[in-house]
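**Q** What follows is a predicted protein model with its sequence.
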Amino acid sequence: MNISIAPTTVQDSSSSRRGDVAADSTLAQAAIGRIIDLIRSGELAPGGIVNEVDLAKRFDMSRGPIREAVRNLEGRKLIMREAYQKARIVELGVEQVQELFQLRECLEGMACRLATTQMTDSELAELVESCEKRGDQGRLATTFTNDFNFSFHIQIVKKCGNKKIEDILTSEVYELVRLYRWTKKATPGRSGRARTEHWQIAKAMQSRDEELAESLMRSHIQRSMQIVDLPNLG
């Protein structure tokens, strides 16, 4: 007796599995965003336990996408898990914060130099204009209650033409800097100074002066260390 299996059955099963994987991946991306929001709001505080069961209930998801999201955030250094320990939101010490800003100074300085030659005239004009608009508004109470300051840096980094620099800064360094800043008070007056420094950087880039642009960016990152208030860490 010959027994045949309808090809469509196998094909349908395979397609179904691919659909399930795609759905889980989409849910994992959504979970990543929601976990980051909880970190930003302080609901998941530095050092706090990441309970996958609770998150699955809260987000109305299965454990699979939550596990994938947690693994992703471990890779981005926002969540840490030591052997036989529960996952926790990362805590940054003095040395780690210093290293972050040193790395940021080097990479953003080079990104700014590269973007000065890569960006079009119209893109640079828009960058200058956005800085001037923010300066006119003058409404920011702190540097980290609004994402404009990071968006300025991200615009430059994404136009530098170096994917490695972009990936390191946008997928790891910026999130860790934000994580620390959300737990600290602003330095009085720093917000206004930061906007002025952004404008100076943008004008140097518009003039195609890559050396000056890099120097200004490095100085800007160094001054932003005032915000982290290192003596009060830990």
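**A** Received it, and whenever you're ready, just let me know what you need. Numbers count the residues shown, from 1 in each chain.
**Q** mind showing which ranges of the chain have poor pLDDT?
**A** 1-23, 135-148, 181-191, 226-234 (pLDDT under 70).
**Q** all strands for it, in order.
**A** 79-80, 88-89 (DSSP state E).
**Q** want to try a markdown table for the ones you listed, with mean neighbour count as columns?
**A** Bear in mind the C-beta positions are built from the backbone N, C-alpha and C, glycine included. What follows is the strands of the chain, written out as a markdown table (neighbours: other Cβ atoms under 10 Å):
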| stretch | mean neighbour count |
| --- | --- |
| strand 79-80 | 18 |
| strand 88-89 | 18 |
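**Q** Nearest to P65, out of these?
**A** strand 79-80 (15.0 Å; Cβ to Cβ).
**Q** Point out the other helices and strands that the closest one packs with.
**A** Here strand 79-80 touches helix 63-75, strand 88-89, going by 3 or more Cβ pairs under 8 Å, 6 or more residues apart in numbering; DSSP states H and E.
**Q** What lies in contact with that strand?
**A** With contact meaning Cβ atoms under 8 Å, 6 or more residues apart in numbering, strand 79-80 is reached by V50, V70, L73, E74, A87, R88, I89, V90.
**Q** Now, of the residues you listed, which are buried?
**A** Neighbour counting by 16 or more other Cβ atoms under 10 Å classes V50, V70, L73, A87, R88, I89, V90 among the contacts of strand 79-80 as buried.
**Q** Rebuild the helices and strands packed on strand 79-80 as TSV, extending it with distance to S219.
**A** Shown next, in TSV, are the helices and strands packed on strand 79-80 (distance: least, Cβ to Cβ, whole Å):
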stretch	distance to S219
helix 63-75	32
strand 88-89	32
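**Q** Out of those, which gets nearest to A204?
**A** Closest to A204 of the helices and strands packed on strand 79-80 is helix 63-75 (Cβ to Cβ; 35.0 Å).
**Q** now for that closest one, which elements pack on it?
**A** The contact analysis (3+ Cβ pairs under 8 Å, 6+ apart) places helix 63-75 against helix 7-41, helix 52-59, strand 79-80.
**Q** So what are the sheet partners of the last one and their directions?
**A** Read that as strand 79-80. Sheet pairing here is set by DSSP bridges, and for strand 79-80 it gives strand 88-89 (antiparallel).
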